[in-house]
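>>> How does the following fold in three dimensions:
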Amino acid sequence: MSAPLLDVRDIEVRFDGLKAVDGASFSQARGTLTGLIGPNGAGKTTLLRTVTGTVRPVAGAVSLDGRDISALPVHRRARLGLGMSNQIVRPFRSMTVLDNVALAAGLDRTRNPLAALLAVGRTEQQARARDLLDLVGIADAADAEPENLPLGYLKRLEVARALALAPKLLLLDEPLAGLNHVEAGRLADTIATINQTGTTILLIEHNLSEVMRICGRLLVLDQGRLIADGAPREVMADPAVRAAYMGAEADAAA
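Model (predicted):
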């Protein structure tokens, strides 16, 4: 059995003395599409950010492709193969969609933003950017500016920019948030296609129907603890998982 691409061990994160993540451990094999789910406030994004390095845990370790990256800054982790698409899309509004992705492609070679900007005009980066825009389904908007595009396009742009870094592991934080039923289904299909091309994906998402449809495995976080891990239908039938979601709904209604 091959070693996992991602290994997260005994992660603990505290904010103002409160545990946001409480001893979470899991691993992910290469080529898989895994969903990380749980009620609001469960600690999912915090756990994901310990993988990228934007949140430093008080205990635990993260390894990527057999290398301990726990002490590395964000840009070093990105160079080793981590890419992340954020829930809130923040493209460069003054640049075209194509140049946004080409800029990210330039950053794959240098962490110097000026050097990356100078690389935008290069044929190689632009050709790569066009291929990625085609992959995520927005090639028709290559010459448009982000401020003129609907949310569905911006979500796909965010995924394309993350892919431009050629990640071994792509982390997606609620990519379907804010999309209608049709748009969410189409973007979920795109994510599945990206996974089928060989990119390993770890996905946070509240759209459970789409997560269950495209993911082969679910991890469930509740109050900072991993309470379930397995095939989607088995996980969603787990009484502990159902109680976690029903409890969250009851709190929201109170």
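>>> hey, let's count contacts and neighbours off CA atoms from now on
OK.
>>> what's the neighbour count on residue 79?
Per other C-alpha atoms under 10 Å, the neighbour tally for residue 79 reads 18.
>>> Sorry, slip of the keys, the one I care about is residue 101.
32.
>>> Ok, the one 3 residues further on next?
One way to gauge burial is a neighbour count; for residue 104, by other C-alpha under 10 Å, it gives 26.
>>> Could you verify my assumption that it touches residue 161?
Yes. Counting by C-alpha atoms under 8 Å, residue 104 touches residue 161, with 5.7 Å between them.
>>> Any chance you could list what contacts stretch 217-235?
19-25, 33-39, 41-44, 212, 215-216, 238, 240-241, 244 (C-alpha atoms under 8 Å, 6 or more residues apart in numbering).
>>> go with 7 Å
By C-alpha atoms under 7 Å, 6 or more residues apart in numbering, the residues outside stretch 217-235 that reach it are 19-24, 34-39, 42-44, 212, 216, 244.
>>> what's the first-to-last distance across that stretch?
Using C-alpha to C-alpha, to the nearest Å, the end-to-end distance of stretch 217-235 comes to 9 Å.
>>> thinking again about what came up before, mark which of the contacts of stretch 217-235 are buried, thanks.
20-24, 34-39, 42-44, 212, 244 (16 or more other C-alpha atoms under 10 Å).
>>> how far away is residue 242 from residue 96?
From residue 242 to residue 96 the distance is 44 Å (C-alpha to C-alpha).
>>> Look at the two and report which has more neighbours.
residue 96 (18 against 13).
>>> so what's that one closest to, chain neighbours aside?
Leaving out its chain neighbours, the residue that sits closest to residue 96 by C-alpha to C-alpha, 6 or more residues apart in numbering is residue 145, at 4.5 Å.
>>> So the spatially most central residue of the chain: helix, strand or coil?
Closest to where the C-alpha atoms of the chain average out (C-alpha atoms, centre = their mean) is residue 172, at 1.7 Å. For residue 172, the assignment made with DSSP: H, G, I helix; E, B strand; the rest coil gives strand.
>>> quick one, what contacts it?
84-86, 202-204.
>>> Just give me the closest of the buried ones among the contacts of stretch 217-235 to residue 129.
residue 34 (25.9 Å; C-alpha to C-alpha).
>>> ok but the closest one is inside a strand, no?
Yes. Counting by three-state DSSP, residue 34 is located in a strand.
>>> Please tell me I have it right and it contacts residue 215.
Yes. Assessed by C-alpha atoms under 7 Å, residue 34 is found in contact with residue 215 at 5.4 Å.
>>> Can you read off the pLDDT for residue 207?
pLDDT for residue 207: 95.
>>> where do the helices sit along the stretch 101-250 of the chain?
113-119, 123-136, 151-163, 181-196, 208-214, 232-236, 239-253 (DSSP state H, counting those that start in this stretch).
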